[in-house]
Structures are given as structure tokens and as C-alpha cells.
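Asks: got a structure for you, letters missing:
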């Protein structure tokens, strides 16, 4: 009875919906996930005829309530997230109205848009692989629909059919993907997500703490040549020069840095920077010159013109040993301190200046102060009072790089040594599987540069005086036990943290290598490819040629796949016993004893044993097994196993053995 | 029925369907196919506008898979074939059943259908490697021959996005007999006065005598022991059967020609039911005497086509 039979097509569509929603789980608000889960479950019950269909006004009410809920959701949603959320809510309601064939088809198509929204929200290799599932589910559901001809029919082997079509479509889609005309870098830029990077153009001590817990990748580096050790990898992003007592801020430096006074140990590298919606580009301390993508300012920080909205690749060269030239005169800002507050620190600075006439000695004295053992490195420092530098230096004495750098720069300025703050990253985790280094947001670091008579602007890292192991072994080695408990990788899915880390590295390497083709293959890359092929990009004829080339490649791939495709029309696999018997007959036919089409297995065996007595027993055994399996009352898997063993071993010679 | 198929059946395939004719198979998107195409276009636009490679790949993948399903549709449709006849004569005002044996060339069950110009259609999963029986019912409006017109075989395998259809030769026309009307025996012509021809009383199955075998007698009626004595075949006769062959005469009935044919039809059917022998006498045509289904069938055929009515369409 079709009314009561479970609705297979509806179930296939529900599965597709669930798969498409799965790609959006990180993006969707919790209540939307719960909403969709409840709707899908109710839809499943309806498909199993356990729940009656809902009246139209209830569904309409649900749509209105869902949309109102999205509008009332607190927190800011970007345009795409908003669209995806509304779509998810609607797909949820659609799961409740899968009664007619048309309903199911429209739900299927709606789910495809949901999958696209997932791709927009989180591009990457993981999403790419995860998208194969909704694609497969959609094709399988379409195959299950079998057209409007027989919507209730059971289509055997539809998953195989869908999988085959999808596999065959992969090379075609790849060819088209390479050549499909692109719109310049996206007409609508993706909106800026929430805070992506801990590094901004201002710093209060205490700013970087949330970043230290953020394991998201900041950028990946490939060194062209031997990689410097992690402790020597200071990634410079921007300088902060103005201090108002609470915050370090940026002044706008002029462009065109003065040439270096001395430089040695050059290192060339390529960086793949994750989008961070700022303009700074990290470079190894200290970059030599501007690059195609960025311009060096007078502080030797590299920056782009517009914010980095998508993953950016750039190559640069830096020197590890360097000295900047002495400026003609000491800049005013480099000694500027607020007139009020932090009196004790100011006094300490004056005392240091009196005790040590040489600026280099004053720097050493500051580092000695931090290294004296009175200071502690922690990610959860106590809050600071109004005179925060005084409070930090003389009361709390615990904090992390932001605190130390800020206090050191203040103290140096108070002691008459020009100083500024540099924000950036330190270290980076080498990925042996990918031959590159991954720098995470948790590697964010702040240090100080002091203007010294011999070496110009010189790096001073007070944090290392407190926690010397930080640079060499990463932030994990210097944390207090409480911080560590929070940061240490947990074992999940019954896998050890070490194995998880290995797997994570392998995955990261794979995604990094796939990226030039998946994420970074944009208009520019396509134009480079087209130019390499002698096709002029940016002309209509060039675009048409490119599209034609893509189509031609796709058609060629389609022709190459013809045998595989025609196999798809063949339907479910033949009976294994019949396949084995066919192989057995082929082998006998080669000895000159072909089986006439009308002859049954037992008759054939009798004829063979009459003509070739040496083959008789084996032939009879195989024919008997086959007859039992095909026509016997209770075929057993053991018989099939036995038949397979015997047929594999059956190698009849061309002539009778005597 | 999709407009494309209607156009095709009526001999004016739409331009697009003509363009899409491959190898004798016309391919045309189904409504679901159009919707899928529109959806792919929208997805492509989103992917390009946001310059998102994953969305673009996803869209291209689905589009290519749909495109790759075209050769499968083509193959499935090319292998479709069906032939059949009208099994039983139909009666005007009733329905005629066309029984088709449909085959296809794929090694898997194939959902397929057949459509005729009148909108009559049937769908089934065609079994692989052997013929599948399809039954279509046609309205039989008028006695004579029922011409179905050439049909169309179609399939939407594998994804239901594109429909492939091939022409099917017109089956032999079906026979439509006059609508049987009771009360066909005018007064005085009844060989058994007081008995309704339809009515069969108890005891009618009693054996009465042996008579010579006539072609059309049922084998059960043959008196095998008596026949074995070498006097030729003998058949048993029972009580209740008309004795000498009854004469069903067109001229003996009142009313207009169609009316009379209808009454004669009812009488022939009744006689066939009883297994009785009868002679059908139409103007210029004597059939019989005879008995049994074959005789009845030839009589019904003459009634359907009288006078040489070749077409079921007036």
C-alpha cells in the first residue's frame, strides 16, 4: 500500500539535508542547529508514516517564527552567515513538507544551496572533501527519484550509480574548473569575520592573552634553503611607538626605509598568510626590501594597500644579522612618556641612567631586572591598577610578553634609551611532512626595539629574560601548570594527543599543498595559466578560448570514461558464483572444450571428464558446487568460498597429462 | 503529458527536441531537469560573485555528473522496444486493453513508460533481459477498429533530469464489437418458448445424446469412448443446450442497424457462454452453423466490422 510504505525518497532527501547542514555546524547559532535537528527528526518520522503531515498554517507559522528568531539572534552575523542561517531555518521547515514529489525535489535543490553556503563560510580542503558527501547524496536521491515516472519505485544500486557518476564527473569538473572564466577577485568581497588575529595596531598589556589560546593558523612559511631555528624566527608585523600611559599606539611611519648599515645571513622564504583583514604582512626580522604585494615603511614593516581578505602568498628575503643606520637625530616620539603616573618606574629609569652611562648597559640592566627571578610568566596574570607599569613592576610581577614588552619599553624610555614596541610572532612549528613551518595565532609575541649607538634599532626581548625556553621550545614550555592544563592537547576519540598531533600535521600539510589549487587558484593564477598556454586573458576571445579549452578537456575526459560509464548502465553486480563459473568455463574453452550455451553445468562436466579424464574430478567438483549454489535449496557461503578456491586453482593444461 | 511528447506524437516536435535528437532518440529535460539547471545557474553565479572555488567546484561537479547522465539516458532510451496487440475484443462504450511486451538493452531494471496520443500511458520497471508486460486501457467509443496511433517509449533513467523518448510503431488495431443489448429475441423466434436464453435451469447438465463432432466443440465434450469405435468423433449433448443450431438473424430483428447488431452481439455472447451451436445471418453473410469460442470470435468480428466498417472512428 503506497500510503503506508515508508517514503524512501523523502529519507534520501533528509539525509542530504543533514549532510549539507553538517558543513555549517560551526557557523550556525545553537538554536538553529537544535531547530534543524528537531525538524529533520520530525521529517524522518513523517517519512516513516509515524507522524501525520502538518497543516499548512503550522508550517507557515514555523517559517515566520524561524525568520523572527534569526532576526532576534544576538551577536553580529555577517551577510553570508545571515543568509546561511535563514536558509538553514527554511530547510528545516522544508523537511516537514516532503509529501509530494515536487516538494522533495525542491527540498533537494534547496539543500544544494545550503552546501554552497557551507563552502562560502569555510573554504579549505576539509570542506572540499566534506562537500563530496552532499554531492553523492544529491545524485543518489535524484537517481532514487528515477524521474517523475515511478517515484515510488525502489531503484537498486542507486548509490553505486551516483558514486560512479560522481567519480566520472571529477576529472571533467577539474578541467572546467581550471578554465572557467572568473569574475575579477569576486565582485562581492567576503565580509570580515570577527577578530581573526590578535595583532592589531594598538596594545595594552593584557591584550594578547586570548590569542595565546588560539590555535588557528596565522600563516605558513616555506624557507628556500635551510630554515633558521625557531628561536631566531622573529616575525615582524608592525611597530607601536606612542604611549599614553595605558596603551601603545601606532604612528604612521614614512615609507622608504634607510638602507641597512650592515646585513648578513640572508634568508629567502614564501609566506601563505591567512586572511586577517589588516594590512600588515609578517616578515622575518629584518626584511631587506619591498615585495610585489607589500611596501616597507621606515620602521621596516611590510604592509599591503588594502586589507588581506583572502589567503595571500608572497615571497620575501630577510637578514638575520643586521644593523640599522643611526638616524640623523633621535626621533621625539622614541623617548616620549606621559607626564603623569607611573612615578616609581620613572624614578627607577632615572636611577638606571645614573648608574649606567652607556645605553647598552642600561638595556642589560633592564633585562637583568626581569631575569632576577622575581618575575613570573603566566597567561592569567592578576589585573593591573591605574598606574599599570608601576603596578606590574613593583606589585604583581607576573604576566606575559605584552606586560614585559610594555614595561621594558617604558623603563628604557625613562632611562633615556629610545625604544619602541614591535608586534609579531615568534617561532613556528616545523611540519616535517610538508617541509614548511606553521605559525599559529598562539605564537603571537611582542618585543622591544631600542636605539643603540652601535647597532641602530636593536631587538630587546624582555620576555626571554623571564622565560628563556619560550623562544626555543614554544609557549607551551613556559606556562604554569594551570595554563598548561588548559592548553595541553587532550586525547580524543580514544587517540593519544601525540597521534592526534601527528594526524593534525599530516592533514595540515595536505591542505597546504592542495591550497594553490583549491583556495588560491583565483583570477590571477588562472591568468598565469592561460598566459602559459598562449591564451590572452582579459579579452573576450581569450575567455571564450579558455572556456572552449575547458569544455574540450571535459569532453575528452568524458570519452575516456565511456567504458566506465557504460558499466554504470549494467546494473548490480552479477552473482559471484556465476562470475566464478564463467571464469572456469573460459579456462576450459581455452583447452578446446568450450561449453555449448545450452549445456548445464553437470552435463558439461560429464562431457569434459569423458574427453579429458585428467580434468574429470576437479571439473565435476566445481560443476557440483556451482549447481548447488545456483540451483540448490540452501546455498552456503562456505560453498562459495570453496568454489572460489577451486576455480582459482583450476589451471587446465592444453593437453592431457599422461 | 509533457507538451514536448504531445508535440512529438502529433508530428511536430518542438525545435529544441529536434535539436536534441541523437541516434533516433530525442532527449528533453524534464521539469525537474529545468529546475536543476536553473539551480545550477544560480549556484554558479554565487560561486563566481563570491570568487569561492569550493562552491564553483561543487557546482561544476554536479553539473558534470548531470551531463554524464545524458549518455546513459541515451543508451537506455535507444534500447527501448515494445510490441503488442489487443488481447480481447472490446465492446463499444467499454475499454480495450492493449497488452505490450516491452524490452530494453540495459542489464538492470529500468523504469520506463509508454504514451499514446490519446494520453493513455503506462509505466513499469522493465526487467533486464526479458520482456515485461505492460497493459494500457483505451476507451472504445464506437464499434469497428480501434487505431491507437503510434506511441512513444520513454525513460528518465538515471537521474530523472532528462527524458529520452523513441517512437513505437503503431500496434495492430483493436476490434470493438457493438455494445451488447439484451432482449434480442423477437417473439416467435425462440426455439425454446418460455425460457430465457440467458437463464440456465438446474439439470441442464444432464446427458442427452451423442451427436457428430463439430469444429469448435470443447474437448471435454468429446465422447472419447464412443469415438474410439472408429465411427469418427462424437460429441456429447446435454439437456439445456439448443438442439439444432440456433439461427441469429439480422433480418428477423426490429430496430435500426446498430440496435440490431447490438442485440445480435448479446445473443452471440450468450450462445458462446452456453457453448451452444448457432448460425449468424447478416445481410450477405452467413456464418455457421458452429459453436465454441472461435466461431463466436469470427461472428463478433463480423458484427464489429459490418458492413465492412474498417475504421473505429466515424
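Replies: Here it is on my side, so go on. Note that this is a predicted model, so its numbers are computed, not measured.
Asks: what's the neighbour count on residue A:383?
Replies: Applying other CB atoms under 10 Å in any protein chain shown, we find 8 residues neighbouring residue A:383. (Glycine included, C-beta is placed from N, CA and C.)
Asks: quick one: it is in a strand?
Replies: No: counting by DSSP: H, G, I helix; E, B strand; the rest coil, residue A:383 falls outside a strand, being coil.
Asks: from residue A:444, how far out is it?
Replies: According to CB to CB, to the nearest Å, residue A:383 and residue A:444 sit 21 Å apart.
Asks: for residue A:132, same thing?
Replies: Distance of residue A:132 to residue A:444, computed by CB to CB: 35 Å.
Asks: those two: who's more crowded?
Replies: residue A:444 (26 against 17).
Asks: who does that one bridge with?
Replies: residue A:425 (DSSP bridges).
Asks: that one against residue A:199, yeah?
Replies: Yes: applying CB atoms under 8 Å, one finds residue A:444 in contact with residue A:199, separated by 5.9 Å.
Asks: where does pLDDT dip in chain B?
Replies: Flagging of chain B using pLDDT under 70 yields the residue ranges B:1-5, B:7-19, B:183-209, B:214-217, B:230-231, B:237-245, B:308-314.
Asks: can you pull out the helices in it?
Replies: Assigned by DSSP state H, chain B shows helices spanning B:3-9, B:15-19, B:31-49, B:53-78, B:224-227, B:257-274, B:292-305.
Asks: mind putting those in TSV, mean neighbour count and distance to residue A:510 included?
Replies: Formatted as TSV, the helices of chain B follow (neighbours: other CB atoms under 10 Å in any protein chain shown; distance: least, CB to CB, whole Å):
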stretch	mean neighbour count	distance to residue A:510
helix B:3-9	18	48
helix B:15-19	13	45
helix B:31-49	18	23
helix B:53-78	23	16
helix B:224-227	12	87
helix B:257-274	21	80
helix B:292-305	20	77
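Asks: residue B:97 is nearest to which of those?
Replies: The minimum distance between residue B:97 and the helices of chain B falls on helix B:292-305, with 15.7 Å, by CB to CB.
Asks: what helices or strands is the closest one leaning on?
Replies: Counting contacts by 3 or more CB pairs under 8 Å, 6 or more residues apart in numbering or on different chains; DSSP states H and E, helix B:292-305 is packed against strand B:144-146, strand B:174-177, helix B:257-274, strand B:278-282, strand B:285-290.
Asks: now the helices of chain B in TSV, with distance to residue A:509?
Replies: Listed next are the helices of chain B as TSV, based on distance: least, CB to CB, whole Å:
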stretch	distance to residue A:509
helix B:3-9	53
helix B:15-19	50
helix B:31-49	27
helix B:53-78	19
helix B:224-227	92
helix B:257-274	86
helix B:292-305	82
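Asks: okay, residue A:486: pLDDT?
Replies: Note for residue A:486: predicted pLDDT of 57.
Asks: got it, and residue A:591?
Replies: As predicted, residue A:591 sits at a pLDDT of 83.
Asks: what's the answer for the one 3 residues further on, then?
Replies: We have a pLDDT of 84 for residue A:594.
Asks: what residue is smack in the middle of chain A?
Replies: Ranked by distance to the mean C-alpha position of chain A (CA atoms, centre = their mean), the top residue is residue A:124 at 4.3 Å.
Asks: pLDDT-wise, which helix or strand of chain A ranks last?
Replies: Lowest by mean pLDDT, DSSP states H and E among the helices and strands of chain A is helix A:481-487, with a mean of 58.
Asks: does residue A:39 touch residue A:90 like I think?
Replies: No: look at residue A:39 against residue A:90 with CB under 8 Å: they stay out of range, at 10.1 Å.
Asks: what sits up against stretch B:33-50?
Replies: A:80, A:105-106, A:109, A:112-113, A:116, A:119-120, A:142, A:182-183, A:186-188, A:190, B:29, B:52-53, B:55-56, B:58-59, B:62-63, B:66, B:160-163 (CB atoms under 8 Å, 6 or more residues apart in numbering or on different chains).
Asks: give me the buried subset of those residues.
Replies: A:80, A:105-106, A:109, A:112-113, A:116, A:119-120, A:142, A:182, A:186, A:190, B:29, B:52-53, B:55-56, B:58-59, B:62-63, B:66, B:160-163 (16 or more other CB atoms under 10 Å in any protein chain shown).
Asks: tell me which of those fall in strands.
Replies: Among the buried ones among the contacts of stretch B:33-50, the ones falling in strands (DSSP state E) are B:29, B:162-163.
Asks: return only those of the residues you listed found close to chain A.
Replies: Restricting those to those near chain A by CB under 8 Å from any CB of the partner chain leaves residue B:163.
Asks: looking at the ones in strands among the buried ones among the contacts of stretch B:33-50, which is nearest chain A?
Replies: Using CB to the nearest CB, residue B:163 comes nearest to chain A of those, at 6.8 Å.
Asks: distance-wise, check the closest one relative to residue A:625.
Replies: Taking CB to CB, one finds residue B:163 at 45 Å from residue A:625.
Asks: again with residue A:456
Replies: For residue A:456, the distance to residue A:625 equals 89 Å [CB to CB].
Asks: neighbour count for these two, which is higher?
Replies: residue A:625 (25 against 19).
Asks: my guess is the more buried one contacts residue A:646, does it?
Replies: Yes: shown here, residue A:625 and residue A:646 form a contact pair, counting by CB under 8 Å, at 7.0 Å.
Asks: before we move on, the earlier item: more neighbours: which of residue A:39 and residue A:90?
Replies: More crowded of residue A:39 and residue A:90, by other CB under 10 Å: residue A:39, with 22 against 19.
Asks: which residue packs closest to that one, ignoring adjacent ones?
Replies: Spatial nearest neighbour of residue A:39, excluding adjacent residues (CB to CB, 6 or more residues apart in numbering or on different chains): residue A:92 at 3.6 Å.
Asks: neighbours around the one you found, how many?
Replies: As a burial measure, residue A:92 scores 25 neighbours (other CB under 10 Å).
Asks: what separation do you get for it and residue A:101?
Replies: Counting by CB to CB, the gap from residue A:92 to residue A:101 is 21 Å.
Asks: hang on, the earlier thing: would you agree the residue nearest to residue A:39 is in contact with residue A:34?
Replies: No: using CB under 8 Å, residue A:92 makes no contact with residue A:34, being 9.8 Å away.
Asks: which of the helices of chain B sits closest to residue A:274?
Replies: Residue A:274 lies closest, by CB to CB, to one member of those: helix B:53-78, at 15.7 Å.
Asks: next, the angle from that closest one to helix B:31-49.
Replies: Here the directions of helix B:53-78 and helix B:31-49 differ by 160 degrees (axes from the mean of the first three to the mean of the last three CA atoms, to 10 degrees).
Asks: can helix B:53-78 be said to contact chain A?
Replies: Yes: for helix B:53-78 and chain A, the contact criterion (CB under 8 Å from any CB) is met by B:53-65, B:67-69, B:71-72, B:75-76.
Asks: those helices in the stretch 451-600 of chain A, which residues are they?
Replies: A:462-466, A:469-473, A:481-487, A:497-518, A:523-532, A:540-560, A:562-568, A:576-590 (DSSP state H, counting those that start in this stretch).
Asks: which stretch in those has the least confidence?
Replies: Among the helices of the stretch 451-600 of chain A, helix A:481-487 has the lowest mean pLDDT, at a mean of 58.
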